[in-house]
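Asks: Quick one, what's the 3D model for this:
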Amino acid sequence: MHTPILRASAAVMLSFALTVAPARAEKKYDPGATDSEIKVGSIMPYTGVFSEYGAIGRAEAAYFQMVNDQGGINGRRINFVSLDSGSEAGQSLALARQLVEQDQVLLTVSTWGAPTNLAIRPYLNEKKVPQLFVADTNSAMDDPAHFPWTMGFQASKRTEGAAYARYILQTRPDAKMAVLCGSAPTDQEWLLGIHDGLGEKASTTIVKEVSFSYADPAMLDSQIMALKNSGADVFMNLAVGKFATEAIRQAYDIDWHPLQFIPNASLSLASFLDPAGLKKCVGIITNARSKGWLKPESRQDPAVREFVDWMRKYNPEASLRDANNVYGYEVAQTLVEVLRKCGDDLTRANVMKQATSLDLQLGMLRPGIRITTSPTDYRPIKQLFLIQFDGKDWVPLGQIISD
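Replies: Residues are numbered from 1 along each chain as shown. As a prediction, this is how the structure comes out:
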């Protein structure tokens, strides 16, 4: 009696399975993704006053080339469209529109600089285009409540400044500190961190603060002389790139030799310390997140050896002494992991879903430093450690410091 009913039910179930199975296997794409390609955009200063940071974009392109040579991501090649800002933040919005509306990228990654990222952030969030792993350490890039499509990458300026200040309290409690910082609001976050770290001692420790405009580098001459004349024995040289180089050189040339600190953004030997003169850089302190790679003994570490081998094969014209290459390598690795996790759901919403659920240990990160994110945590790297220049290379100073 029940056989016809069972047969009919089985037929219905088979029909349902046949309709559901293809849906489950369906590939989902937003603009910038196809069966064969994932298009990724970026804006970098390949020319202009900050052109040294173009090395980041070239390193990322080299890493993506390696991935493509190995078969791509789930069979899809990365098409990396990286535009030159000419170091002009005023060009940024037009370039972002070009990437989204003409080039039709799936996402942007590692765009360099605070003014550029702040300029394009409203547009990319309005268009719901991921603005991932921006090369800017302002805490404003960790604001998922207001800008859910924008994500930073490394520890913030405020964390950096606080780490320097606490080191001074521990090692030179009677120090007199002079601070040089850019005049833009985005640069002032370092000062907030220094005041955080010094606490109630800030008013007695900081004897002079001056600012300068990146549009008028000639200001540095008088500002550094004023800092020297303050009697300070600690110099917070919070200038970026070749401006840090010039401040290092000027302080040394006027016979001022305080304990000096520079930002992580200015630590590249090839780009910023070599031009200053290594003799003038001895003793400078900054911070890092990555392992050393220049000393031969460091290459006993398989991850370091892998990075060096990659540099020689895929980025041979770049200097191994340029830390910007490590930064680009790490960002590219992280993005590749995000895209792999996306599988065949290459929608912008899924890109952000995967980017906000990371727990990743990169080979070049110092043990104890991990990439972790969540829907409420848009700062993938929250730790750093201090390093000091010994005349040849950077030497670690102490333990890992967290936000």
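
Asks: For this structure, which segments count as helices?
Replies: 3-25, 54-69, 92-97, 114-127, 157-171, 188-198, 202-205, 219-229, 242-253, 274-276, 278-281, 302-314, 324-342, 348-355 (DSSP state H).

Asks: Packing partners of the fifth one?
Replies: Here helix 157-171 touches helix 188-198, strand 234-238, strand 285-288, strand 383-389, strand 394-402, going by 3 or more C-beta pairs under 8 Å, 6 or more residues apart in numbering; DSSP states H and E. In short, each C-beta sits where N, CA and C put it, glycine included.

Asks: Highest mean neighbour count out of these?
Replies: Mean neighbours per residue, mean count of other C-beta atoms under 10 Å, is largest over these for strand 234-238, with a mean of 26.

Asks: OK, contacts around the closest residue to Ala349 other than its chain neighbours?
Replies: Excluding the flanking residues, the one nearest Ala349 by C-beta to C-beta, 6 or more residues apart in numbering is Lys128, at 7.5 Å. When contacts are counted by C-beta atoms under 8 Å, 6 or more residues apart in numbering, Lys128 touches Trp149, Arg348, Ala349.

Asks: would a markdown table of those residues with distance to Thr373 and neighbour count be doable?
Replies: Output for these, formatted as a markdown table (distance: C-beta to C-beta, whole Å; neighbours: other C-beta atoms under 10 Å):
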| residue | distance to Thr373 | neighbour count |
| --- | --- | --- |
| Trp149 | 14 | 22 |
| Arg348 | 16 | 18 |
| Ala349 | 16 | 13 |
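
Asks: The helices and strands packed on helix 157-171: which one's closest to Lys157?
Replies: helix 188-198 (4.0 Å; C-beta to C-beta).

Asks: Please identify the deepest-packed of the helices of the chain.
Replies: Of those, helix 324-342 is the most buried (mean count of other C-beta under 10 Å), at a mean of 23.

Asks: Let me know the angle separating that one from helix 302-314.
Replies: 100 degrees (axes from the mean of the first three to the mean of the last three C-alpha atoms, to 10 degrees).

Asks: packing partners for helix 324-342?
Replies: On a contact count with 3+ C-beta pairs under 8 Å, 6+ apart, helix 324-342 meets helix 54-69, helix 302-314, helix 348-355.

Asks: mind listing what Val282 touches?
Replies: Contacts of Val282 by C-beta under 8 Å, 6+ apart are Phe389, Asp390, Gly391.

Asks: ok, the residue nearest to Ala349 to Asp136 distance?
Replies: 20 Å (C-beta to C-beta, to the nearest Å).

Asks: ok, now Asp35?
Replies: 34 Å.

Asks: likewise Ala145?
Replies: Look at Ala145 and Asp136: by C-beta to C-beta, they are 18 Å apart.

Asks: who has more neighbours, those two?
Replies: Neighbours were counted for Ala145 and for Asp136 using other C-beta atoms under 10 Å; Asp136 has more, 24 against 7.

Asks: pull the helix or strand with minimum mean pLDDT from the protein.
Replies: Using mean pLDDT, DSSP states H and E, the weakest-scoring helix or strand in the chain turns out to be helix 3-25, at a mean of 43.

Asks: ok so, going back, closest one to Val395 among the helices of the chain?
Replies: helix 278-281 (12.7 Å).

Asks: That closest one packs against which elements?
Replies: Using 3+ C-beta pairs under 8 Å, 6+ apart as the contact test, the elements touching helix 278-281 are helix 242-253.

Asks: Now the helix it packs on: average pLDDT?
Replies: The average pLDDT for helix 242-253 rounds to 97.

Asks: outside of it, which residues touch it?
Replies: Contacts of helix 242-253 (C-beta under 8 Å, 6+ apart): 49, 52, 180, 182, 212, 214, 217, 220-221, 224, 227-228, 235, 237, 239, 257-258, 260, 262-263, 266, 271-273, 275-277, 280-281, 284.
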